[in-house]
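**Student:** generate a structure from the sequence data that follows.
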Amino acid sequence: MKALVLLRLALFPWIPSAVAPAHASTMPELAENAPPPADSYDAMREAWFDSLTGGRDYDDQDPEIRKVVQEINEKARDHWALLKASRPFPETNQCFEPLPGDGHSKNLTACYKRLEEMAKAYWAKGGELYQNAGLLADTIAACDWLYAHHYNEKTIPYSNWWDWEIGIPRHLTAITTMLYDALTLEQRSNYMKAVRHFTPDIETTGGGAGANGAWAGVNIAVQAVLEKDAERLAYARDALAALAHISTRGDGFYADGSYIGHNYFSYTGGYGLYALDAFADAFYLLGPETPYPMPTTKRGIVHGWIRNAFWPLVFRGRIPYFSLGREIGRSTHSDRSTTMAKAMLKICGNDDSAEAKNTRRIAKSIFAEGRQRYPQE
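**Tutor:** From the prediction side, this is the model:
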C-alpha cells in the first residue's frame with residue numbers, strides 16, 4: 001500500500017513554463033547543525049528516489065500500478081525514439097527534435113523533463129524499458145551533451161530566468177537522484193555545479209517568495225543531499241521554514257485564506273497550489289527522521305493553509321477557474337484538485353496529529369467527490 005500511494009503521489013509532476021518574480025524576503029541565520037553521517041544522506045537520497053519512482057518493492061501486477069507503468073513506458077519510448085533520431089546531437093539545437101520555439105530556454109527545460117521521464121521508465125518495474133541498458137546509456141549521454149553545450153556553470157542564460165533557476169534544476173536533480181549509482185562522481189559533480197551556479201540561494205531566485213522560493217528551496221535541498229553538503233542542506237531547511245508563514249504583504253498566504261500571486265492577483269489554485277506541492281516535497285524530504293527536519297510548527301502553518309485557503313475553495317471536487325490566474329491559459333492546463341489532494345496526503349506523511357487527520361479527511365473527500373462526479377477521469 002505504501003508503494004502504491006507513493007507511486008500515485010509522485011509520478012505525475014506538472015511544472016509551468018514560466019513564473020513571474022515575487023517580492024524578496026529576509027532569510028534567518030543558518031542553524032548550527034553537526035553534519036549528518038554519510039548514511040543519513042544516502043537514506044534521504046533513497047527516500048527522494050522512492051518519491052520520484054514509487055520505490056523498488058511495489059506490486060507491478062496490481063492493475064492500477066500496471067496502468068501507470070504502461071503510461072510511463074509509452075512516454076519514454078516516444079522520447080527515446082526522438083532522441084535517437086536527433087543523434088549525433090547538433091550543437092546549435094536541442095537533443096530532441098522537434099521542439100517548438102527554437103532558441104527559447106523552455107526547450108532546455110523540455111529536454112530535461114523528457115530525460116527525467118526516460119530515467120523514470122528505467123526504474124518502472126514491470127515495464128518493457130525497466131533497467132534497459134540502452135535507455136540508460138542514451139539518457140546519460142544526452143545529459144552529458146546538455147552539460148557540455150547548453151547548461152553548465154559558464155553558460156550565459158537567455159529567455160526566461162525560470163527555466164534556468166527552477167525548471168531545469170528540478171528535472172536535473174531528479175535525474176541525478178534516479179541515476180546516481182550509474183553516474184560517475186565527475187558527472188554528478190558537473191550536473192550539480194550547474195545547479196549551484198544558477199540557483200545559489202533562495203533569495204535571488206524569483207524574489208525568494210511564494211512558489212518560486214519554495215521550488216528553489218527544494219531544488220537546493222535535493223542538490224545538497226546529492227552532494228552531501230551539510231551547510232547547504234541546513235540553509236535550504238531554514239530558508240524553506242522561513243517561507244512557511246502568514247503573509248502581510250506581497251505574494252503568499254494571508255490570514256483570511258487568500259493566496260496572492262504577482263503582488264495583486266488571486267492565485268490560490270495556481271501558484272498557491274504550486275507552493276503547497278513544493279512544501280509537500282519539503283516535508284517529505286526533510287522529515288522528522290532526518291538530521292534536518294522541518295520544524296513541527298511550520299507543518300502546522302501549512303495545515304492551516306489547507307484548512308483556510310484550499311478546502312473552502314473546492315466545489316464539487318474541483319478548483320474554480322477564477323482562482324487560477326493565467327494558469328487557465330496554459331496549453332498544459334488541467335484540473336488540479338487531484339494534485340492538491342496528493343500534496344495534502346504527502347504533507348501528512350505518518351503524522352497522527354489531529355491536524356493531519358483533518359487534512360486526510362479533506363483529501364479523501366476531494367478524491368471521493370471527484371471520482372463520483374468525473375468517473376471518466
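
**Student:** the residue lying closest to residue 328 once chain neighbours are set aside: neighbour count?
**Tutor:** What sits nearest to residue 328 in space, not counting adjacent residues and going by C-beta to C-beta, 6 or more residues apart in numbering, is residue 321, at 5.4 Å. C-beta coordinates here come from the backbone N, C-alpha and C atoms, glycine included. Applying the criterion other C-beta atoms under 10 Å, we find 12 residues in the vicinity of residue 321.

**Student:** and residue 321, how far from residue 362?
**Tutor:** Taking C-beta to C-beta, to the nearest Å as the measure, residue 321 falls 21 Å from residue 362.

**Student:** same check, this time on residue 195
**Tutor:** To residue 362, residue 195 is 34 Å away according to C-beta to C-beta.

**Student:** helix, strand or coil for the closest residue to residue 237 other than its chain neighbours?
**Tutor:** Among residues not flanking residue 237 along the chain, residue 292 sits closest, at 4.5 Å (C-beta to C-beta, 6+ apart). On the three-state scheme (DSSP: H, G, I helix; E, B strand; the rest coil), residue 292 is labelled coil.

**Student:** and residue 142, by the same measure?
**Tutor:** Using three-state DSSP, the structure places residue 142 in helix.

**Student:** isn't it right up against residue 88?
**Tutor:** No - taking contact to mean C-beta atoms under 8 Å, the distance of 11.4 Å between residue 142 and residue 88 leaves them out of contact.

**Student:** compare the two (neighbour count), which wins?
**Tutor:** Neighbours per residue (other C-beta under 10 Å) separate residue 142 from residue 88, with residue 142 holding more: 25 against 7.

**Student:** quick check: the residue nearest to that one when sequence neighbours are not counted vs residue 183, distance?
**Tutor:** What sits nearest to residue 142 in space, not counting adjacent residues and going by C-beta to C-beta, 6+ apart, is residue 95, at 4.7 Å. Spatial separation of residue 95 from residue 183 under the definition C-beta to C-beta is 17 Å.

**Student:** which one's more surrounded, those two?
**Tutor:** Shown here are residue 95 and residue 183; by other C-beta under 10 Å, residue 95 has more neighbours (26 against 19).

**Student:** wait, is that one part of a helix?
**Tutor:** No - per three-state DSSP, residue 95 lies outside any helix segment and is coil.

**Student:** OK, contacts around it?
**Tutor:** Contact analysis of residue 95 by C-beta atoms under 8 Å, 6 or more residues apart in numbering lists 83, 86-87, 89, 111, 142, 145-146.

**Student:** what is the nearest of those to residue 250?
**Tutor:** Residue 250 lies nearest to residue 111 out of those, by C-beta to C-beta, at 32.9 Å.
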